[in-house]
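Q: Need coordinates for the following:
(4 chains)
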2 protein chains.
Amino acid sequence: MSKDANGSLEVMQNVADNLRRARLEQGYSQELLASRAGISRRMLVNIEAGESNASIATVDKLASALGLSFVEVVRPPSLADKAQALPLRIWQGEQADSHASLLESVLKPGVTLELWRWQLAAGDSYHAEADAPGCHEVLYVLQGSLQVQLVQQSHTLQAGQSLTFASDQVYSYHNRGAVACAFTKNILIYPHVGQNPEQ
Amino acid sequence: MSKDANGSLEVMQNVADNLRRARLEQGYSQELLASRAGISRRMLVNIEAGESNASIATVDKLASALGLSFVEVVRPPSLADKAQALPLRIWQGEQADSHASLLESVLKPGVTLELWRWQLAAGDSYHAEADAPGCHEVLYVLQGSLQVQLVQQSHTLQAGQSLTFASDQVYSYHNRGAVACAFTKNILIYPHVGQNPEQ
DNA sequence: GTGTGCTGTGAAATATAATGCACAAATTAC
DNA sequence: GTAATTTGTGCATTATATTTCACAGCACAC
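A: Next comes the predicted model:
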């Protein structure tokens, strides 16, 4: 149930914050919003103070009066509108045309998603260790062709083709073509599986 | 406020449906869930029937007892659920150069990752509804330039640049350049957390 | 058939959400 | 400075959410 120091629920605090922010953004006074929502100002004061255990209907009235959906009023602050300016880790192969960079990384409780930009020089290859259990990679070839060698099978992709595979096993990339191969790669990582993100 | 035929709120019906589904998935009886949540069975019956205007606290107790977050109990059925049914969806804009296809879809308990290939003709744009709560998109521009308009901010990306943003809000893509814009897009979806060992 | 567990319904009692009003404190405008 | 507006607080009253029973229907097992 996760209460805060004052004994009020996390959800209530979210409702309080979201409502107040939206109300001020739209330039409403408590008086005006309350009347438009059809509730008493007293109630609105309590809710915005996080001191009221409002009913679904009451919160919904306020959401509507502000032109918001119920969920928008209720949801916790999202950790990421952070349009991150690239952290950028890099792997650099022996050939100049072979390298990889981490473009984006989405961190959520229980899951991580990374977006990588890869490039392999003609004839070059890359041997990877097994990722953590449960990991998946999603490849999308931008240019050239790429052979992905898994334990029991291999796939060859041309530009515009994609592939999903479990990366919790050894695998390798091979560029057997005559031109450099470029591709994007997403890694879906599970720190722990089968857990409830009780936040 | 959007009521349904029976005069009950949409939100209430969502709560009702989500709770009942989760409860059955986890094999709880009303009796058991009610006692674990610390509320009366009578109340649970009413809520599941969509006939009760419950308070935030009551819904939160039930959410916790089921190992769900408040938002998961409250939210409307998401497009994510439908996405799982369809193998390959395609959007075709009015102009020939504007279209989107679903290339890959990774389904794991609690998370879905989709890889999309998008293209917008010069001057074209696309307005999207909000995705399910908690959703994130990761864009990577292959060609041309793309403006991503969020509620409170907008970003312009050139080829080779990427962007991560929370897509549980309305947003839109604009190609303000003179050439077609191509980009890949990953969606990280949190459908539900109903991980049940049995069933 | 009987017994058992799960689910819906009714009604009275209780807890509490929600209202309305009066008033103080802070803020802004003049 | 005063006046006007907005916001927070206390309290009695009303509305209703929530509880606690008791009972009926329904399925399934023995």
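
Q: Identify the residue nearest the geometric centre of chain A.
A: For chain A, residue A:106 is the residue whose C-alpha lies nearest the centre (Cα atoms, centre = their mean; 4.4 Å).

Q: which one is it nearest to, not counting chain neighbours?
A: Ranked by Cβ to Cβ, 6 or more residues apart in numbering or on different chains and with sequence neighbours excluded, the top spatial neighbour of residue A:106 is residue A:113, at 4.3 Å. Quick note: C-beta positions are derived from backbone N, CA and C, even for glycine.

Q: Isn't the one you found up against residue A:189?
A: Yes: with contact defined as Cβ atoms under 8 Å, residue A:113 reaches residue A:189; the gap is 7.4 Å.

Q: out of those two, which sits in the more crowded spot?
A: residue A:113 (22 against 17; other Cβ atoms under 10 Å in any protein chain shown).

Q: how close does that one sit to residue B:122?
A: Distance, residue A:113 to residue B:122, by Cβ to Cβ, to the nearest Å: 30 Å.

Q: swap in residue A:99?
A: 31 Å.

Q: give the contact list for the residue nearest to residue A:106.
A: Contact analysis of residue A:113 by Cβ atoms under 8 Å, 6 or more residues apart in numbering or on different chains lists A:104, A:105, A:106, A:186, A:187, A:188, A:189, B:113, B:136, B:138, B:186, B:188.

Q: switch the cut-off to 10 Å
A: A:104-107, A:138, A:186-189, B:111, B:113, B:136, B:138, B:164, B:186-188 (Cβ atoms under 10 Å, 6 or more residues apart in numbering or on different chains).

Q: Buried subset of the residues you listed, written for PyMOL?
A: In PyMOL syntax, the buried subset of the contacts of residue A:113 is picked out as below (16 or more other Cβ atoms under 10 Å in any protein chain shown):
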select buried, (chain A and resi 104+105+106+138+186+187+188+189) or (chain B and resi 111+113+136+138+164+186+187+188)
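
Q: before we move on, back to that, three-state assignment of the residue nearest to the centre of chain A?
A: Assigned by DSSP: H, G, I helix; E, B strand; the rest coil, the conformation of residue A:106 is strand.

Q: Which pLDDT value belongs to it?
A: Looking at residue A:106, its pLDDT reads 78.

Q: measure it to DNA strand D for me?
A: For residue A:106, the distance to DNA strand D (Cβ to the nearest atom of the strand, to the nearest Å) stands at 35 Å.

Q: From what I see, that residue and residue B:188 are in contact.
A: Yes: assessed by Cβ atoms under 10 Å, residue A:106 is found in contact with residue B:188 at 6.0 Å.

Q: residues shared between the contacts of those two?
A: A:112, A:113, A:186, A:188, B:136, B:137, B:138, B:164.

Q: Rebuild those residues as TSV, extending it with pLDDT, secondary structure and distance to DNA strand C.
A: Output for the shared contacts of residue A:106 and residue B:188, formatted as TSV (pLDDT from 0 to 100; DSSP: H, G, I helix; E, B strand; the rest coil; distance: Cβ to the nearest atom of the strand, whole Å):
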residue	pLDDT	secondary structure	distance to DNA strand C
A:112	80	strand	37
A:113	86	strand	37
A:186	91	strand	41
A:188	87	strand	35
B:136	88	strand	33
B:137	91	strand	35
B:138	92	strand	39
B:164	88	strand	36
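
Q: nearest to residue A:74, of the residues you listed?
A: Nearest to residue A:74 among these, counting by Cβ to Cβ, is residue B:136 at 18.8 Å.

Q: what sits against the residue lying closest to the closest one once chain neighbours are set aside?
A: Nearest non-adjacent residue to residue B:136, counting by Cβ to Cβ, 6+ apart: residue B:188, 4.6 Å away. Contacts for residue B:188 (Cβ under 10 Å, 6+ apart) come out as A:106, A:108, A:111-113, A:186, A:188, B:106, B:111-114, B:131, B:134-138, B:164, B:167.
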